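J.: Build me a model from this:
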Amino acid sequence: MKRAMVLSAGVAMLIALTAAAAPAAAGTVTVTKVGSGLVTSDPGGIDCGSQCSASWEGIEDCVFDVELREWICFTEFQRVTLTASVPAGSGWAFSKWSGACGGTVNTCLVSPEVNRAVTATFVDVANPTVSLTAPAAGIKSGSIVLAASASDNAGVTRVEFRVRGALVGTDMTAPYSVPFNTASVAEGSAELRATAFDAAGRSDTTTQTSTIDNLAPALTVATGPNGVTLGPGQVPAWRFGAADAGSGLASVRCSVVRAGAADVFGACSSAQTHSPGSLRDGVYRFAVRARDKAGRETTQRRTFGIDTTGPVITITSGPPEGARLPETTVELGFSANEPASFRCRVFPAALSPGGFGPCTNMRSHVASGFSPGTYAVEVQATDAIGNVGPTVKRTFTVTADGGPVDVGLAYKWAVRVGRTRVRVMTLKRLKAGMTVEVRCTGPGCPFKVRRPAVKRSSLGLARLFGRHKLRKGAVIAVHVSRLGFTTKVFRYVMRKGSKLPKGGALCLPPEELQATAC
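T.: Okay, the predicted model is just below:
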C-alpha cells in the first residue's frame, strides 16, 4: 500500500496519486507460555488458547521531494499489544514478560518489523488441598495405615505423613498412604499430620488427634495383707495405684471372695483403697482390676486368711474322766485341730488352779508324785496368731490301792518224758515303776530268784532258763509289782510225763503273804 505527497518550495500541495507498489515486508510475533495462562494480541491474531504466533505487514509511506524532484518512501509498522491473563479461580497469576519485551505488567508492545519472540511466564499461586482419610479419630493400637487425599492446580508432587511431628513416611503417587506401627511411639495423645506439596513448593497441611494405646493399665498394690492370716480385731485393707498413659482409666473395681471362688467385682472403697470390713473366719482372695478406655485390663490378686477362733483340743490318751487310779504318775495325750502350742497345769480339784505352764512335750503331759486324792489336768492351746482355744479338763482320783497290776504273760513249753523246757515266756504291758521277780524252786531249776530290769513295755524271760529242763514238781513264779497296786503272780507247776505245766495268774494284795485268785 502506498501513500504519495508532493511538496514545492514554500507551497505545499497535496496531490493524491494512486500508483501500484510492492507489499511491505511482514514480521512474525511468536509467544511462548511458561505455566498456565492466556495471551492475546491487539490487533488480533494471537490467542494462545489456540494460536500463539501471527504475522503483520507494514504500511509504506512516500513523500515527493520537489527540490530533489524524487519520491522518498519508507515502511511503517503498527505496534502490536500483547495481553496476558488467567481465568478467575485458576490458581495461576501472570509473573513477567521476557524476550522481545519485558516487565511485569500484563501488557507489552511489540513492533513486528522483524520476527519477534516473547515469553509470558505464569506462576502457581494456589496451595494444594489435602485431607486425612484414615485412620478415623479415636483410640489406636498396633499397625495402622495413614491415608490422605490431595489435589492441586499444578499437580501434587508428594504427601508427607508425620506423627507427633516426626516424619513416618512419604508417598508420591495417589492414593497417598503409609503404614505405621503405633507401638513404636509412646502411649497417649498423638497428632497425625498429612502435608501435600506441589511443583512450586507450595504446601497444605491437615491434622487429626488420636490416642495411642497399646498397653494395659499399670496397677500396683502398695499395702495390705498378702499370704498372711489376720486375727481378732484386724480388718483387711489395701492401698493401690492405677494409671494408664494411653487412653486413660475407664474404671477400677475390687473383689473379695472365698479362696477358690470366681472374682465378683464391684465398687472399691475409694479410688485408691479397699476394705471389705469384718469377715467370717476362712481363707479369702482380694482382687483389684484396672480397665482402660481401650478395654485392656490389669488385675492384681492377694490371698489372706481370717482366724478369730482358738484351737480345739482333743484328748487322745490318758485316764478317762472321773477315773479312779492307783498310779502316782499320770500321762495325758492331746492334739489340736490346727498347729498350736500347748500349756498345761495340774492341781487338786478342790483348790483353785494356778497359772498354766509348759507341757512336758507338744503332744502330752506327764505328772507324778500323787498322793491319794482327786486331781484335775487342764490343757490350753494357742494358734500361730495368738488365738487361745477353750481349755480342756480331765479329772481323776488317785486311790490307796489301785487293784491288780495290769500285765499279761505269753508262754510256750516244750515237754518230753517228764522234762519241761521254757521256749517262750514274755511279759506284756509293762509300765514305768513296775518291778519283776522270777522265782524257780524244785528239781532242774537253774536259779532261785532273778530280778530283771524293766526297760520296755515287754520283757522276755525265757533266756533266764536257757536250755535247762525242769522236772516234775518244779515251780516257776513270776511276780510283777507296782507301788499302790496288788502284785500279779504268774505261777506254773511242772508235771510228769508229757503233761503241760499247770497254773495261771494269781493276785497278792499288799501286806498279804499268800497269792490267791484275782
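J.: And the pLDDT at residue 25?
T.: Looking at residue 25, its pLDDT is 61.
J.: do the same with residue 143
T.: pLDDT at residue 143 comes out at 96.
J.: partner residues bridging it?
T.: residue 181 (DSSP bridges).
J.: residues in contact with it?
T.: By Cβ atoms under 8 Å, 6 or more residues apart in numbering, the contact list for residue 143 reads 179, 180, 181, 182. Any C-beta I mention is one placed from the backbone N, CA and C, and that applies to glycine too.
J.: Emit the ChimeraX select command for whichever of those residues are buried.
T.: Remark: buried members of the contacts of residue 143, expressed as a ChimeraX selection using 16 or more other Cβ atoms under 10 Å:
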select :180,182
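J.: Tell me the one of the contacts of residue 143 nearest residue 308?
T.: Within these, the smallest distance to residue 308 is 52.1 Å, found for residue 182 (Cβ to Cβ).
J.: For that closest one, give its distance to residue 478.
T.: 97 Å (Cβ to Cβ, to the nearest Å).
J.: Low-confidence regions, the stretch 301-450 of the chain specifically.
T.: 400-402 (pLDDT under 70).
J.: mind listing the strands for it?
T.: 313-317, 323-325, 329-336, 340-348, 357-358, 364-368, 373-383, 392-398, 408-416, 419-428, 434-441, 449-450 (DSSP state E, counting those that start in this stretch).
J.: picking that back up, of all the contacts of residue 143, which two lie farthest apart?
T.: 179 and 182 (10.7 Å).
J.: Mind listing the shared neighbours of these two?
T.: Joint contacts of residue 179 and residue 182 (Cβ under 8 Å, 6+ apart) are 143, 144.
J.: so who does residue 514 touch?
T.: residue 508.
J.: cool, and residue 479?
T.: Residue 479 neighbours (Cβ under 8 Å, 6+ apart): 436, 437, 438, 439, 487, 488, 489, 508.
J.: Could you give me the PyMOL selection string for whichever of the residues you listed are buried?
T.: Under the burial definition 16+ other Cβ under 10 Å, those of the contacts of residue 479 that qualify are selected in PyMOL by:
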select buried, resi 436+438+439+487+488+489+508
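J.: can you tell me which of the contacts of residue 479 lies nearest to residue 280?
T.: In terms of Cβ to Cβ, no member of those lies closer to residue 280 than residue 488, at 55.8 Å.
J.: looking at it, the closest one is touching residue 405, isn't it?
T.: Yes. Judged on Cβ atoms under 8 Å, residue 488 makes contact with residue 405 at a distance of 4.4 Å.
J.: residues bridging contact with the two, i.e. touching both?
T.: residue 480.
J.: re earlier: quick check: which of the strands of the stretch 301-450 of the chain is nearest to residue 296?
T.: The nearest among the strands of the stretch 301-450 of the chain, by Cβ to Cβ, is strand 373-383 at 42.7 Å.
J.: Show me what the closest one is in contact with.
T.: 307, 310-313, 315, 318, 330, 332, 334, 336, 338-350, 353, 356, 359, 365, 367, 388-389, 391-398.
J.: mind running it again at 7 Å?
T.: 307, 310-311, 313, 330, 332, 334, 336, 338-350, 353, 356, 365, 367, 388-389, 391-398 (Cβ atoms under 7 Å, 6 or more residues apart in numbering).
J.: Report the distance from it to the chain centre.
T.: 51 Å (Cα atoms, centre = their mean, to the nearest Å).
J.: Likewise for stretch 354-363?
T.: With Cα atoms, centre = their mean, you get 48 Å for stretch 354-363.
J.: got the CA coordinates for it in CSV?
T.: Output of stretch 354-363 as CSV, limited to C-alpha atoms (Å, rounded to 0.1, in the frame of the first residue of the first chain):
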residue,chain,number,x,y,z
GLY,A,354,-2.6,-71.9,139.4
GLY,A,355,-1.3,-70.5,136.2
PHE,A,356,-0.6,-72.5,133.1
GLY,A,357,3.0,-73.6,132.4
PRO,A,358,4.8,-75.6,129.7
CYS,A,359,3.6,-79.1,129.0
THR,A,360,6.0,-82.0,129.1
ASN,A,361,6.1,-82.0,125.3
MET,A,362,4.0,-80.9,122.3
ARG,A,363,1.6,-83.9,122.4
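J.: Now do the closest residue to residue 207 other than its chain neighbours: how many residues are near it, please.
T.: The shortest distance from residue 207 to any residue other than its chain neighbours is 4.8 Å, reached at residue 193 (Cβ to Cβ, 6 or more residues apart in numbering). Residues lying near residue 193 (other Cβ atoms under 10 Å) number 22.
J.: Give me the buried positions along the helix or strand that contains residue 193.
T.: Assigned by DSSP states H and E, residue 193 belongs to strand 188-198. Of the residues in strand 188-198, 190, 192, 193, 194, 195, 196, 197, 198 count as buried by neighbour count, 16+ other Cβ under 10 Å.
J.: What strands flank the following helix or strand past it, and is each parallel or antiparallel?
T.: For strand 188-198, the following helix or strand on the C-terminal side (DSSP H and E) is strand 203-212. Sheet pairing of strand 203-212 (DSSP bridges) gives strand 139-140 (parallel), strand 188-198 (antiparallel).
J.: mind saving the C-alpha coords of the last one as PDB?
T.: Listed in PDB are the C-alpha atoms of strand 188-198, where the atom choice follows Å, rounded to 0.1, in the frame of the first residue of the first chain:
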ATOM      1  CA  GLY A 188      -1.000 -41.100  74.800                       C
ATOM      2  CA  SER A 189      -2.500 -38.400  72.600                       C
ATOM      3  CA  ALA A 190      -0.800 -38.100  69.200                       C
ATOM      4  CA  GLU A 191      -1.200 -35.500  66.400                       C
ATOM      5  CA  LEU A 192      -1.400 -37.200  63.000                       C
ATOM      6  CA  ARG A 193      -0.400 -34.800  60.200                       C
ATOM      7  CA  ALA A 194      -0.500 -35.000  56.400                       C
ATOM      8  CA  THR A 195       1.200 -32.300  54.200                       C
ATOM      9  CA  ALA A 196       0.800 -32.100  50.400                       C
ATOM     10  CA  PHE A 197       3.400 -30.400  48.200                       C
ATOM     11  CA  ASP A 198       3.000 -29.100  44.600                       C
END
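J.: What is the distance between it and the centre of its chain?
T.: Per Cα atoms, centre = their mean, the centroid offset for strand 188-198 relative to its chain is 35 Å.
J.: cool, and the shortest one?
T.: For strand 139-140, the distance from its own C-alpha centre to the chain's C-alpha centre is 22 Å (Cα atoms, centre = their mean).
J.: before we move on, what about stretch 256-269?
T.: 17 Å.
J.: again, but for stretch 451-467
T.: 71 Å.
J.: and it, how far apart are its ends?
T.: 19 Å (Cα to Cα, to the nearest Å).
J.: Name the residues of that stretch that are buried.
T.: Applying 16+ other Cβ under 10 Å to stretch 451-467 flags 454, 459, 461, 464, 465 as buried.
J.: Done for today, thanks.
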